[in-house]
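Engineer: predicted model follows, preceded by the sequence.
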Amino acid sequence: MVHPYAVVGLFLAIALVIGVVPIALAWLLSPKKLNPRKTQVYESGNPTFGEAWIEYKPQYYLYGLAYVVFGVEVALEAVIFLLILGLGLAYVWRKGWLAWM
């Protein structure tokens, strides 16, 4: 008879193999020397001119941060709305108001 945790161990081993083998193969088969063309900055197929590193104004980062904050807020409000909707459904279901007459 098979021990109950043997199945869990087998699935864990399979999951590790599926996760580790592709990464190991990619590391073994990937080229080790960097090609100078691959290290160049690529901008829409056009060769770059001048300095590739430019500074952005801090206000752009603030815009991005505000966008992330409002996006998280909208997602949180959606989750709260769905929770309230689910609680209402559970209440109505428990009262038996959804039964067919």
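Structural biologist: Ah, there it is. Residues are numbered from 1 along each chain as shown.

Engineer: going by C-alpha atoms from here, please, whenever you check contacts or count neighbours.
Structural biologist: Fine.

Engineer: where along the chain do the helices fall?
Structural biologist: Chain-ordered helices for the chain, with DSSP state H as the definition, fall at 4-29, 58-95.

Engineer: average pLDDT across the shortest one?
Structural biologist: For helix 4-29, the per-residue pLDDT values average out at 94.

Engineer: cool, and stretch 89-101?
Structural biologist: So the average pLDDT for stretch 89-101 ends up being 90.

Engineer: as a markdown table, the helices of the chain with mean neighbour count and distance to Asn46 would be great.
Structural biologist: Shown next, in a markdown table, are the helices of the chain (neighbours: other CA atoms under 10 Å; distance: least, CA to CA, whole Å):
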| stretch | mean neighbour count | distance to Asn46 |
| --- | --- | --- |
| helix 4-29 | 11 | 30 |
| helix 58-95 | 12 | 25 |
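
Engineer: distance to Glu51 added to these, as TSV?
Structural biologist: Converted to TSV, the helices of the chain look like this (distance: least, CA to CA, whole Å):
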stretch	distance to Glu51
helix 4-29	33
helix 58-95	20
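
Engineer: closest to Phe49 out of these?
Structural biologist: Shortest separation from Phe49 across the helices of the chain is recorded for helix 58-95, at 23.7 Å, computed as CA to CA.

Engineer: give me the domain ranges for this structure.
Structural biologist: 1-31, 57-101 (automatic domain parsing).

Engineer: so which of those is nearest Thr39?
Structural biologist: Distances from Thr39 to each of those were compared using CA to CA; the shortest belongs to domain 1-31, at 13.8 Å.

Engineer: just want the most central residue of the chain.
Structural biologist: To find the centre residue of the chain, average its C-alpha atoms and take the closest one (CA atoms, centre = their mean): that gives Val72, at 14.4 Å.

Engineer: from Leu65, how far out is it?
Structural biologist: Here the criterion is CA to CA, to the nearest Å. By it, Val72 lies 11 Å from Leu65.

Engineer: shared neighbours, the two?
Structural biologist: Contact criterion CA atoms under 8 Å, 6 or more residues apart in numbering; no residue bridges Val72 and Leu65 by contacting each.
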